[in-house]
Each structure stands twice: as structure tokens, then as C-alpha cells.
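Undergrad: I would like the atomic coordinates for the input below:
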Amino acid sequence: PGTNTSNEFALSWPAASPAPGNTLDKYYYMINTTPPATLATLTNNPGTYIPVTEPSVAAKMLAGVQYGSNRVRVVAIDTDSNYSPSNFIYGDFTLNSSNPDPAKNLTVSDASIKSASLWRASLAWDHPDYKGTGTLTYTVQRSTDGTSWSTVTTTSGTAYVDIVSDSKQYYWRVGTSDTTGGSIASPSYTNAVTLTPKGSYSDPAALTSGPTAEGLSTRKAQIKWTTNRTSDSKVAFGTTSGNYFDEEPSNSDQVTDHTIKLTNLLPGTTYYYKARWTDEDGNTGESSEKSFTTDPAPTITDPQATQIGLSSVILRYRVKGASKVKIYYGRSTEFGAIKEVATSKEESTLTAELIDLQDDSLYYYKINPVDSEGFEYEGQSLTFKTMPRPRISNVKLQEVAGSAQTTILVSWSVNTPLSSIISFFPTGQPSLAKDQVDVQLKSGIREMTVSGLLPQQQYQLIVKGRDKAGNEGVSDTYTFTTATDTRPPQIMNLKVIGGTIPPVGFAAGEVRAQLVVTWDTDEPSSSQVEYGEGAGATYSQKSQEDGNLTTNHTVIISGLTPSKVYHLRAISTDSVNNETRSIDMTTIAPKATRSALDLVLKSLSNAFGFLGLLGEK
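TA: As a prediction, the model looks like this:
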């Protein structure tokens, strides 16, 4: 009813309409109090804000109802926890009971002694305005869920300290009754109050280990320590002893094992630090000052471009303290290409090959070390130039006139220092190829002569060359035909050496003379000598022709008369029957010499004088 003489009322209200797409979860009703500002307060105090799933409450005694006018308010929430403290419905009702009102201004405070783990809640309230018979007794009840209650004590005073076993959330309410039987049977209860007894500390937690700096790198460090009870974590640090940065890295979690990560540090730098911690009661402790030094920045030393080729290069460098290196390279200072190479933190000499480069091109490169934190350090910008690809051009062939053998002069141009190799062979006969080689490396215009060619013969010729790295340049294949050979060999250095041939045996025939004729020719040719007696122009005899073609000739003329005058000339014919004759040479055949027996007899005659007598006789 809207008015009743006892605290027994039923409630009902129109069903709430959730927003489109949402579903209604539950209702909360409350007596003589307004909806709280937050959903957490609403849901965490079911002794004051009573949850129901239907828009009605069966008749029962309501907590917080006073003598006279009362107001009940109702709010609703949906399954998405949408809640508004201003979106409520209310209704008024009147209690005309003679029972005393509930106690006023019920409060609860924490009276725990935290260091002793003694958990206490201090309750206090005021006497109600309407006291019934005037003699009041208060019943203190406690709950762990806000709905099921147990009586703790009864008292006539307006305060009570309740000792509980655990530091967790509890609910309390106070019932008021006078001396009448109805009031004693149904006390008037206040709305519930709630508290988690915790107590407080007056001193900060004690440091039990640390702090220590661990996990040092170029840019990071971890500061670790432990305390004997939970606290938050903070680190004050800076690069000067006693002078710390304004910002302190922190973690608000209440823990006993503390870890703070320091980042964005400078490599190779000494930092000074203190660990700090504050417990949930606001007590702050700190450690003594300590220091650590970050790892030095990684370095690249002695970078060199070695083994430079046409399209590749080997980069050699010494690295220390890097987890990897990034090699930037390209044909401008913008680079454009990158190669990553993994390294170890130990100092070592490494090489990296860059491929697919353009020949005869200037390249820029730099080697940037990267530390273990992924931070990249700028390296020195350097250059190298790839080798030019050997090119042979402007090949020209010119026959050399007046040469002893068929000879051509070959000239060509090269773009880089190369050796010179000319390969030539009769057309269709590559197995007969010959090479003319000059190993000296030269650039620009080159020339070489090719001799020993056959006349009236078609040849093919290729010019080649290799640079200092072994890269080869090859010309096109050129075909040419040699001219007819009409030039006879040239005779030089004609010499005549004389000698006699003694008879064989005692009383042999007369002594004969011989001549050895030698000469040179400027091309391979045959050997023959024609000769005659006296100094005339008639050559009555010839030696046997030696058809072996050579440039050094020797012919022996035997059976000549000693001490007699002879004239002679050499004859040579080349491979195409061009014949030449030397000038006429006059010589005297050597005189006869005594035999060995004559020399012995002459010696005896000089010694004993008897052979002369024999000779006269």
C-alpha cells in the first residue's frame, strides 16, 4: 500500500525499454537514497542498491524506511552495462508505524592494524529522530555478499568495532528496536555500508635485495630489486651523480619483485640511479645510489673495396659490437640498394660481395652498424669504380711491303690496359691456329706484326686481350688473303773457310783441299754453291742443292786443288721459287800440309843429322 502501519510494502514499476539492439539485464531499487555516480558503486553494494530481474518486489520489510514519507528510486542497466544515474523512476509511500526509525548516518571506517594483520571495521551511527518508546537497542549485522546477514552484536551505544578474519569486502547494517515486541521481532534496518579492512603502514617497505642493473645494451637496461612487502616501482636516474632526470620510469603495480626498464639511453655512457618504491599507504623508500655503463656503440673500421670486377666487388671491413650491418650502395649519394649482413658482437673482419653492378661505373657506399636494440649508426660514405669491360675496336690490317716473309701489320684500339693476343689460321683450318702474344698491359692504340704467312692464302684473324683481373676482350673475326710473294731471299754474312784433306795411309795419293761456305738469308730458303777455277765469270761446277728451307746455310766443297784460285757464289731459293745469288767471291784453296810421318822424320833429321845423308843418297 501507499501507506501502512508496519514496514511491509510491495513495489512495482513499468518495464524499462532498452535501446534498439540491446537487452535488459536487471533493475536496482533503493530506499531514501539517490542512484550512485558510477556503475561499480551500484553493483558493489547490494545491501543499499538491491538488484532484481523483474519490475516488481513482493511485500516485505524494506531496509532504510523511516516513520512518515519515504521515496523509492529504480534504475535499470542492460547487458552492455549501460547505466545513467539520472535515468531513474521513483515513487513515494508512507509508514505510520509506532516502531522506531532506523539509525541515522551509519558510517564505517578502517581500524585495522596492518603490520599485525588485525582487521577491524569501526561502525558509528546516530540515534533516529523517531525513537518509538524511547528505549533503543541496536543490532549490528554483517554480510559477505550484501544479501545474507548474520548478527554480530547488540548494543545500546552508537558505535561498535567489528573484528573480522580476513582483509576482504564486508557489508554492515544496523537494526533499531525499542521495548515493544513487534519492534524487537522486526527491527528497522539501515541501508548497508561496505568496507574492505586494510589498515595502513607508517613506514615504507624494507629493501631485501638490489637494486642491480641487468640486461645492459647500448640503449637499454633493467633495474631490479625486491622489498619485503608490496609497493609500486620507480627509478630516478641521470648522467651525473646526485642529479637525476625529471621523469622517473615507474610501474604502479603493487609487487615485491620490482623491475623497471630504462630505454632510449646513450651508448657508452655511465648512468647513476636510485630505486624508489611507495606502498599503498603512501610510504616511500629508496635505495642508495648505484651506477651502470651502457655498451659502447658498434663500430666499422678499415672499410675497403677489394677484388673489384666488372659487375661485382668484395667489400672488406672490421666490425665490433654490432648485431648486423646494413650496406647501402648505388651510383649516387642517394644509394638506392641495400644489403644486410648478420654479425656477432665480437670484433671480426668480414667481407660482403655486391653483385649485378654496371661495369666502368662509379659507386657510392657506406656500411652502417646496427646494435642489438636495432638502432642504426651512420657510416662513412666511400666510393669505388667497377672495371671497364674490355673492348677491342678499330681493327685494321695492312700488309708490310718489302718484308722477307709475307707479313701484315695489325693495329687496334683498347679502352683499358690489356695484353695483346693475335690468333690466326688458314680459313677453315682452326686446328692450325697460331698465337702472337704480348703480355704487357697497355691501353689506347696497339700494334703487332704477324709474319710467316703463306702467300696467296686466305686467313682468319682474331684480336684478343685480358686485363689484370683476367677479363677478356675479343674482336670480331677478320678474313684476309695474302699477296703473291715475288721477292727473293736476301743473302747476308757470306763466309768461306778453307782446309786440306791429307791422304790416307803411307804412300797414299796427293793431298786435296776443301772449302766450307756459310751464309744467312732473311727467309727460309734452300742452299747451293756454284764455283769455278780462276777468277773468271764461268761457273763450271755446282754443289748438291740442299732443299731443306732454312735461314742459316752451310755448304762444303771438296776435291779442290790446294793453293789454287777459285771463284764461287751462293744460291738460295724460297718456297715459291724466288731465287737469289750472292756476289762472286774469289778465294785460294789452302796449300798442302805434311803428313804426320813427314813431321816425325823431319824431327829425327834435325836431332841426328842422318836422314839428310839418306836424303842425299
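
Undergrad: give me the beta-bridge partners of residue 314?
TA: On the basis of DSSP bridges, residue 314 is bridged to residue 306, residue 353.

Undergrad: test my guess that it contacts residue 307.
TA: Yes: under the criterion of Cβ atoms under 8 Å, residue 314 makes contact with residue 307 at 4.1 Å. Yep, even glycine has a C-beta here, placed from its N, CA and C like the rest.

Undergrad: give me the below-cutoff pLDDT ranges for the stretch 351-500 of the chain.
TA: Scanning the stretch 351-500 of the chain for pLDDT under 70 picks out the ranges 499-500.

Undergrad: same question for the chain.
TA: For the chain, the stretches with pLDDT under 70 are 499-509, 592-617.

Undergrad: repeat that with 50
TA: Counting by pLDDT under 50, the chain has low-confidence residues at 504-508, 596, 599-600, 610-617.

Undergrad: show me the helices in this protein, by range?
TA: 39-44, 181-185, 596-608, 610-616 (DSSP state H).

Undergrad: any buried residues in the first one, and which?
TA: Along helix 39-44, these residues count as buried under the neighbour rule (16 or more other Cβ atoms under 10 Å): 39, 42-43.

Undergrad: measure the closest residue to residue 87 other than its chain neighbours to residue 376 for me?
TA: Distances taken as Cβ to Cβ, 6 or more residues apart in numbering put residue 75 closest to residue 87, at 6.6 Å, once the chain neighbours are dropped. Relative to residue 376, residue 75 is positioned 58 Å away (Cβ to Cβ, to the nearest Å).

Undergrad: who has more neighbours, those two?
TA: Counted by other Cβ atoms under 10 Å, residue 75 and residue 376 do not tie: residue 75 has more neighbours, with 23 against 14.

Undergrad: for the more buried one, give me its contacts.
TA: Contact analysis of residue 75 by Cβ atoms under 8 Å, 6 or more residues apart in numbering lists 27-28, 35, 42, 83-85, 87-88.

Undergrad: how about residue 433?
TA: So, once contact is read as Cβ under 8 Å, 6+ apart, residue 433 ends up touching 423-425.

Undergrad: still on that earlier bit, any chance of the buried residues of helix 39-44 in JSON lines, with distance to residue 528 too?
TA: JSON lines is the format used below for these (distance: Cβ to Cβ, whole Å):
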{"residue": "39", "distance to residue 528": "134"}
{"residue": "42", "distance to residue 528": "139"}
{"residue": "43", "distance to residue 528": "136"}
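
Undergrad: list the contacts of residue 55.
TA: 12-16, 27.

Undergrad: which of those residues fall in strands?
TA: Among the contacts of residue 55, the residues falling in strands (DSSP state E) are 12, 27.

Undergrad: between the contacts of residue 55, identify the one with the most neighbours.
TA: Within the contacts of residue 55, residue 27 tops the neighbour count with 22 neighbours, counted by other Cβ under 10 Å.

Undergrad: touching, that one and residue 15? I think so.
TA: No: taking Cβ under 8 Å as the definition, residue 27 is not a contact partner of residue 15, at 9.1 Å.

Undergrad: any idea how far residue 211 is from residue 287?
TA: Distance, residue 211 to residue 287, by Cβ to Cβ: 5 Å.

Undergrad: what sits in contact with each of those two?
TA: Shared contacts of residue 211 and residue 287, counting by Cβ under 8 Å, 6+ apart, come down to 225, 274-275.

Undergrad: more crowded one of residue 211 and residue 287?
TA: Higher neighbour count among residue 211 and residue 287: residue 211, with 23 against 17, using other Cβ under 10 Å.

Undergrad: for the closest residue to residue 92 other than its chain neighbours, what are its contacts?
TA: The spatial neighbour of residue 92 that comes closest, neighbours along the chain excluded (Cβ to Cβ, 6+ apart), is residue 71 at 5.2 Å. The neighbours of residue 71, taking Cβ under 8 Å, 6+ apart as the test, are 31-32, 90-92.

Undergrad: taking those, tell me the two that lie furthest apart.
TA: 32 and 91 (12.2 Å; Cβ to Cβ).

Undergrad: neighbour count for these two, which is higher?
TA: Counted by other Cβ under 10 Å, residue 32 and residue 91 do not tie: residue 32 has more neighbours, with 17 against 14.

Undergrad: how near is the more buried one to residue 192?
TA: As defined by Cβ to Cβ, residue 32 lies at a distance of 13 Å from residue 192.

Undergrad: check residue 565 too.
TA: 164 Å.

Undergrad: residues in contact with residue 444?
TA: By Cβ under 8 Å, 6+ apart, residue 444 lies in contact with 413-414.

Undergrad: identify the bridge partners of it.
TA: Beta-bridge partners, per DSSP bridges, of residue 444: residue 414.

Undergrad: same check on residue 464?
TA: With DSSP bridges as the criterion, residue 464 is bridged to residue 421, residue 474.

Undergrad: distance of it from residue 309?
TA: Residue 464 is 19 Å from residue 309, by Cβ to Cβ.

Undergrad: want to throw the contacts of residue 75 into a markdown table with distance to residue 382?
TA: Formatted as a markdown table, the entries for the contacts of residue 75 read as follows, by distance: Cβ to Cβ, whole Å:
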| residue | distance to residue 382 |
| --- | --- |
| 27 | 78 |
| 28 | 76 |
| 35 | 74 |
| 42 | 71 |
| 83 | 68 |
| 84 | 69 |
| 85 | 71 |
| 87 | 73 |
| 88 | 77 |
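
Undergrad: from these, keep the buried residues only.
TA: For the contacts of residue 75, a neighbour count by 16+ other Cβ under 10 Å gives the buried set as 27-28, 35, 42, 83.

Undergrad: tell me the buried residues in stretch 416-428?
TA: So for stretch 416-428, counting by 16+ other Cβ under 10 Å, buried means 416-425.

Undergrad: with stretch 118-135 instead?
TA: Neighbour-count burial for stretch 118-135 [16+ other Cβ under 10 Å]: 119, 121-125, 127-128, 130, 132.

Undergrad: stretch 577-593 too?
TA: 578, 580, 582, 585, 587, 589-590, 592.

Undergrad: roughly how far does residue 295 sit from residue 288?
TA: Taken as Cβ to Cβ, the span from residue 295 to residue 288 is 25 Å.

Undergrad: what's the answer for residue 365, then?
TA: 50 Å.

Undergrad: between these two, who's got more neighbours?
TA: Legend: neighbour count by other Cβ under 10 Å for residue 365 and residue 288, higher for residue 365 (22 against 8).

Undergrad: ok, now which ones touch that one?
TA: 305, 315, 327-330, 335, 354, 381-384.

Undergrad: likewise for residue 467?
TA: Taking Cβ under 8 Å, 6+ apart, we find residue 467 in contact with 387, 390, 416-418, 441, 473.

Undergrad: for residue 546, same thing?
TA: If you count contacts by Cβ under 8 Å, 6+ apart, then residue 546 has 526-528, 553, 555 around it.

Undergrad: closest one to residue 161 out of the residues you listed, please.
TA: Closest to residue 161, out of all of those and judged by Cβ to Cβ, is residue 553, at 144.2 Å.
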